[in-house]
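**Student:** okay, sequence plus prediction incoming.
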Amino acid sequence: MKILIGVIETPGGEMLFTMDNGVASLLPTNNDIQQSYPNYHLLKNHSLKIQNAPISGTGVFCFRYGPVMAGVKEAGSFNLYTYGEKILRASVDLSWKHRKIETAMINKKPDEAIILAERVCSNFAMAHSVAFCRATENALKIPLDIETKNWRIILLEAERVYNHLNVIYKLAGAAAQKVLAAHLCSLFEEALRMNECLTGSRYLMNTNMIGKIKIPQLAQIEKAIAGYQQILATFEQLYRHSLNNSNYLDRLHISGTLTQKQVEGFGLTGPSLRACGIQDDLNGTAEHLIGLPVVTQNEGDALARMETRAEEIVNSCDYIINHLKVSDTWKQEPEKNKTGHISGEGCGIANSASGALGYYIHIEKDIIRRVKICTPSYVGMHAVSEALKDMVFTDFPFVFDSFGIYFSDAAL
Amino acid sequence: MKWWPLYGVRKKLTEWKTYTSPVIVQPMDSRLFKRSLFIYIIDTGSSNALNFEIIALEAPQYNTHRFGIYFTDSPRHADVLLVLGRPVEQMLDPLHETISQLPNPFGIVVLDDAPDDLPPADYSSLPNLMAVIRGVPSPSEILGLLLDLSRPKKLQK
Amino acid sequence: MILLFWVTLLLFIIGALCSLKPKLSYLFGFAGSLCALCLAICGFNHSENILNYPLTSGMLLSIGIDHLSALFLLLLSVAGIMLALYSVDYSKLYPQRTLSIGFNISFAGMLIILLAQDGFTLLIGWETMTIFAFLMMLPSGRHFEHSYKFMAFGEISTVLLLLGFAVLYENAGTVAFSELSKGSVLFLVLVSLGFIIKMDIAPFHGWMRGIYGEIPDNTAAILSAPVTLMGVYGLERIIPAAPKNDPWNLIIIILGAFSAFWGGLQAVAANKVKLLPAYSTVENNGMILTAVGLYALSVKLQSDQMKYLSVFAQAASIILALSHTFAKTLMFMSVGHAKEAYQVQTIDQARGVWSGVGKIPAIGIVIAALSFSAFPPLIGYSGEWMLLETLFQSYRFPQGITQFLAAIAGVLTALAIGLIGFAMIKLIGYTALGFDHGRKSVPIPKKLMNFTQVILQFLLVAGGIGLPAIIMLIGYPQLLTGLLGIPAPFVLASGKPIFGVISPTFIAIIMFFLLAIPFFLFQSRKKKVRKVNSWNGGIPLKEEEYFSAQAYSQILEHILRNVYRTREVKSETHRRLEVEDILTAPMQFLTRIVQKIGEGEALVIMNGKISAYVTYILVLFVLTFIIGVAFS
């Protein structure tokens, strides 16, 4: 399926950054093409204030949550229009976290800018660096060996595991399931330690480079295999046990429901899309050694998003364990000669824990001149704004946390 | 069926080790905070790694509650303000407003995760500044710092 | 006392005649109320017959004073003194003649009601009060039909009283109060209903909704406090003297408790600054009715316990009536002061009275509202807890059905107190103590307004702390005792043997020490105090971010949406919630029918054609001629 990831303004005209069956491409635009992407206008006007129009009425006021808030521990604010308990409109203000990272990348070399890419949203550091590297490699026609490709996928799945654990931990905590939350938090910490074991960084930072990746030592790999086996076994038991708790499931059920039409309208990808029953093929890209199963649910509510993530944790842990076991068999190819391109334009997509993350990059003489970062959290914030309509305040954490999106990723 | 609370206790998830702070700090007031230190988090422009490390600090492996270290939901209940990230311009006013809400005595710790190639920022205008840490410290290091703030070394058991 | 009575009546009449000068008119009203107070004090422990005027054989117009009349006259006169002085300043905002005439004559009517010793005199006073209260509201607002609804309910009440006394005349050959014991159950029911309707008991309260927002505040205060007090007086007069009827007493207990619950429920959803106190009247009068019913149920029972309980229940009804009269008068005065200063209608618009209008009306709203919320040691707390204590002792009643229904009444009363507390916090939190948003009040004359509010505030607080003195004054010293180290007579015991106790004096002393000690400690330490903004996520609140009064009650309006018939009216950019008082539906239905009949009559019969009117005159002439011939 074809999804619009971003709208790129270039001197030569507007380009559409699309993803088709996991493959990124840049298409020239025209009115007809714009019509076929319902989220075109949303992406073109990359506004830092989402759904900003106020609602009037007797007793209607704007309950502002943020920018300093204890619930969502990031700088960002929600303007919740309400006449009491019910949220009539949720307007999201991303401007508090806008760090102008795209601007900071301009006039830097790709090797220097990769650090900035990892700092857009450090819990998606691997996805950002992979997407950035793919865009650069695509622009400069840099070939990749199979080992780099496979390790990137393994580490992307490692990133998915700890991010999903974090989301489910937050949902359990919001539902007052303290024991479940405590166990999930311990698994989350173990997953971060596995990251450190494999890469030396708890957030998989400083691992990816243009055209290559740091490969872990064998001892580290063996320790990681044991660690992921332990995480997998414990999580499966916990998850199965949690499904017996009707209080917990009831809090998530019918919270923040989005229909298929709505998610397609926003151009959502990742678990939020798959929770509505739509199979996106991001997992089945040619980059994967063996395709991961695509997990879908049908309801499109917070429970479906949680269940999708839980099953993905199991599949990803399995994938990591199986591929770590055979990682030493990947042929160590001699380093391929770089093609020597120093200018070019390219795009790259990575499968972050919350959906497709894309980079467009234009390089002239080894200096970045234009960059566009298209994150799943930006469209996710639009989806959250829509999903919060007609919900009550008490369901706010379930709706927001279930999308697994972050202000740092949305605001750039 | 496992009884999960007991299972967790039997698993002995809590680690017993010495936590070392990445910087040297003086205790704020060892009489007041040695069994009770309340922390308020403010994100002023971090890359989210620091936020996740704070979440990780809540894990049973660290079990901050055994040291009397808690996170609060309001700056008015806080002893220490933990500033996450180098403040962006639009977060300066909220930061100062948050600081004005802290009751005396209080301390401020800044965790600055800006890239190393950027020059260090000047935090001297912040009142009661106890420490500035560059980079993303691990939860162990953050816990070590908090323990150093709240009690003398010999009582960190 | 005969002289005092005539002087009082004369002063009210002169006050009405001086209506061209409203200030003078109200000053005469004040003088009249002062004389009424003297009359009440004189008559407190000394009954006297003031006037006997024979009408036809067996019918005597008789006026006199006894302890019960004096007690209620005391309450009425204090309210009258305060309202008259308040109205002196208020008349500069509302100088209409009809207001001052209506004020004086309706008080004169109430004086006659309280001193009447027969049904006919009572009815004269009743109708005078009703008509002149109607006169006070006549020029208000654009919608006359609201004031006509009040008149309709008033006339229903009069008709029921008329029928009741007619039945009494048939039973006893007279309508004198001395022969009430000869009345039948039908008399009791009709007359009770007449008084109950005047007390605004649900479901007879429907007329309030449209009119309360439009009438001047002194009118609202009169309708809410003194007028409903007449209904209470009527019940207190009739019920103990009339033959005891347990089923009817149980009915009025449940009706009263339901009315209290309904008043509290609707007060929660009320957003107009005068509608909330109006529903509080329904709630309070419901409680008074329950207390009267319990008193009626227990009076004439033989055991010592029940005798004690009946006295306690009667005392509860009187303390409730006292607290309601003073607190409601104060509330309408203070709310009216704020409303006129701000020129607004809703609670949301009337925010920040403390800083925007003045401290005295703000304190008035706070004290009156806390009194209604049963906050110790105010007098309202005493009244409501006395009622609850009476209901707790329902197990003492011999019949199971009585115990069961009294328990139901207890549940409804407790819910009512909770709901009205919720509603009063809304009023205090937004109107009295809320942020004023920079609102500026218009300058209004307020010296006497402030003076009267301060007096009533003092009475509510002193009445609460000095409850033992009030109990002794109104003639129930046997209820006071000492217990657990608290010396007599500071403890009001609710049962014999002691069941529960109420001691607002003791509570006041404890509260004082618990407040004073930390306060002095704080002052003596000389700690530096730092003022900060309220914490709102790091940035100051904008104007549109303040929590609205409607949002405060919306949680209950949502949970009880089937009771409130809550529905949302929405468009893309505009949303609001609407709620209903479903008990007003029958009245609205009747109003529509009456309107249709009226319209039909106007179109068909009074059609404006000269020929039709000439025909009517001719028909009447012929009929009169025929009837005259037939009778001669």
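**Tutor:** Nice, thanks for sending it over.

**Student:** so where's chain B uncertain?
**Tutor:** B:1-2, B:4-5, B:8, B:30, B:152-157 (pLDDT under 70).

**Student:** any idea which residue of it lies closest to chain C?
**Tutor:** At 3.1 Å from chain C, B:Pro94 is the closest residue in chain B, using CB to the nearest CB. (Each C-beta comes from the backbone N, C-alpha and C, glycine too.)

**Student:** correct me, but that residue touches C:Trp535?
**Tutor:** No - counting by CB atoms under 8 Å, B:Pro94 sits too far from C:Trp535 to count as a contact (11.0 Å).

**Student:** quick one, which of the two is more surrounded?
**Tutor:** Between B:Pro94 and C:Trp535, B:Pro94 has the larger neighbour count (other CB atoms under 10 Å in any protein chain shown), namely 22 against 14.

**Student:** give me the number of residues near the residue in the stretch 351-500 of chain C positioned nearest to chain B?
**Tutor:** With CB to the nearest CB as the measure, C:Phe435 is the residue of the stretch 351-500 of chain C nearest to chain B, at 17.8 Å. Close neighbours of C:Phe435, defined as other CB under 10 Å, add up to 15.

**Student:** ok, which stretches of the stretch 301-412 of chain A are helices?
**Tutor:** Ranges of helices within the stretch 301-412 of chain A are A:302-325, A:376-387, A:396-403, A:407-411, based on DSSP state H, counting those that start in this stretch.

**Student:** pLDDT below threshold where in chain A?
**Tutor:** Within chain A, the stretches with pLDDT under 70 are A:33-34, A:281-292, A:331-339.

**Student:** so where do the strands sit in the stretch 251-400 of chain A?
**Tutor:** Assigned strands in the stretch 251-400 of chain A, in chain order: A:344-352, A:355-364, A:367-374 (criterion: DSSP state E, counting those that start in this stretch).

**Student:** and the ones you listed: which comes nearest chain C?
**Tutor:** strand A:367-374 (26.7 Å).

**Student:** A:Ala53 against C:His574, yeah?
**Tutor:** No - taking contacts as CB under 8 Å, A:Ala53 lies outside contact range of C:His574: 11.6 Å.

**Student:** higher neighbour count, these two?
**Tutor:** Neighbours of A:Ala53 and C:His574, each counted by other CB under 10 Å, are more numerous for C:His574; the result is 13 against 9.

**Student:** spit out the contact partners of that one.
**Tutor:** Contacts for C:His574 (CB atoms under 8 Å, 6 or more residues apart in numbering or on different chains) come out as A:Ile55, A:Ser56, A:Gly57.

**Student:** out of the residues you listed, which end up buried?
**Tutor:** Among the contacts of C:His574, the ones that count as buried by 16 or more other CB atoms under 10 Å in any protein chain shown are A:Ile55, A:Gly57.

**Student:** also near chain C: which of the contacts of C:His574, exactly?
**Tutor:** A:Ile55, A:Ser56, A:Gly57 (CB under 8 Å from any CB of the partner chain).

**Student:** my read: the last one touches C:Arg575, true?
**Tutor:** Yes - here A:Gly57 lies in contact with C:Arg575, judged by CB under 8 Å, at a distance of 4.3 Å.

**Student:** list residues touching both of those two?
**Tutor:** Joint contacts of A:Gly57 and C:Arg575 (CB under 8 Å, 6+ apart) are A:Tyr83.

**Student:** who touches the residue nearest to B:Phe33 when sequence neighbours are not counted in this structure?
**Tutor:** In space, and not counting its chain neighbours, B:Phe33 is closest to B:Ser150: 4.1 Å by CB to CB, 6 or more residues apart in numbering or on different chains. Counting by CB under 8 Å, 6+ apart, B:Ser150 makes contact with B:Pro27, B:Met28, B:Ser30, B:Phe33, B:Lys34, B:Leu37, B:Phe67, B:Gly68, B:Ile69.

**Student:** pretty sure the fourth one contacts B:Ile69?
**Tutor:** The reference is to B:Phe33. No - judged on CB under 8 Å, B:Phe33 makes no contact with B:Ile69 at a distance of 9.2 Å.

**Student:** more neighbours: these two, which one.
**Tutor:** B:Ile69 (24 against 21).

**Student:** if I pick the closest residue to that one other than its chain neighbours, what's in contact with it?
**Tutor:** Leaving aside its sequence neighbours, B:Ile69 sits nearest to B:Leu37 (CB to CB, 6+ apart; 4.9 Å). B:Leu37 makes contacts with B:Phe67, B:Gly68, B:Ile69, B:Tyr70, B:Asp79, B:Val80, B:Leu146, B:Leu149, B:Ser150, as judged by CB under 8 Å, 6+ apart.

**Student:** report the buried residues of the strand or helix carrying C:Glu340.
**Tutor:** Counting by DSSP states H and E, the element that carries C:Glu340 is helix C:304-342. By 16+ other CB under 10 Å, the buried positions in helix C:304-342 come out as C:305-342.

**Student:** for A:Leu88, which three-state class applies?
**Tutor:** strand (DSSP: H, G, I helix; E, B strand; the rest coil).

**Student:** and it, what does it touch?
**Tutor:** Counting by CB under 8 Å, 6+ apart, the residues that A:Leu88 touches are A:Ile55, A:Val60, A:Tyr81, A:Thr82, A:Lys389, A:Asp390, C:Arg575.

**Student:** please apply the same query to C:Thr402.
**Tutor:** Per CB under 8 Å, 6+ apart, neighbours of C:Thr402: C:Asp246, C:Leu250, C:Leu297, C:Ser394.

**Student:** what mean pLDDT does the helix or strand containing it get?
**Tutor:** Using DSSP H and E, C:Thr402 falls within helix C:400-426. In this model, helix C:400-426 has a mean pLDDT of 94.

**Student:** helices or strands next to the least confident helix or strand in chain C by mean pLDDT in the packing?
**Tutor:** Lowest by mean pLDDT, DSSP states H and E among the helices and strands of chain C is helix C:208-211, with a mean of 76. Counting contacts by 3 or more CB pairs under 8 Å, 6 or more residues apart in numbering or on different chains; DSSP states H and E, helix C:208-211 packs against helix C:144-172, helix C:275-298.

**Student:** excluding chain neighbours, what is closest to A:Val295?
**Tutor:** Closest to A:Val295 by CB to CB, 6+ apart is A:Glu311, at 4.3 Å.

**Student:** could you export stretch C:445-459 as PDB, CA atoms only?
**Tutor:** Extracted in PDB, the C-alpha atoms of stretch C:445-459 (Å, rounded to 0.1, in the frame of the first residue of the first chain):
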ATOM      1  CA  PRO C 445     -25.600  52.900  47.200                       C
ATOM      2  CA  LYS C 446     -24.500  50.300  49.700                       C
ATOM      3  CA  LYS C 447     -24.200  51.700  53.300                       C
ATOM      4  CA  LEU C 448     -27.400  50.300  54.500                       C
ATOM      5  CA  MET C 449     -27.000  47.200  52.400                       C
ATOM      6  CA  ASN C 450     -23.700  46.500  54.000                       C
ATOM      7  CA  PHE C 451     -25.100  47.200  57.500                       C
ATOM      8  CA  THR C 452     -28.000  44.800  57.200                       C
ATOM      9  CA  GLN C 453     -25.700  42.100  55.700                       C
ATOM     10  CA  VAL C 454     -23.300  42.400  58.700                       C
ATOM     11  CA  ILE C 455     -26.200  42.100  61.200                       C
ATOM     12  CA  LEU C 456     -27.500  39.000  59.600                       C
ATOM     13  CA  GLN C 457     -24.000  37.500  59.300                       C
ATOM     14  CA  PHE C 458     -23.600  38.100  63.000                       C
ATOM     15  CA  LEU C 459     -27.000  36.500  63.700                       C
END
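
**Student:** picking up where we left off before, can you lay out the contacts of A:Leu88 as CSV showing secondary structure and distance to chain B?
**Tutor:** Shown next, in CSV, are those (DSSP: H, G, I helix; E, B strand; the rest coil; distance: CB to the nearest CB, whole Å):
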residue, secondary structure, distance to chain B
A:Ile55, coil, 25
A:Val60, coil, 25
A:Tyr81, strand, 22
A:Thr82, strand, 21
A:Lys389, coil, 26
A:Asp390, coil, 26
C:Arg575, strand, 30
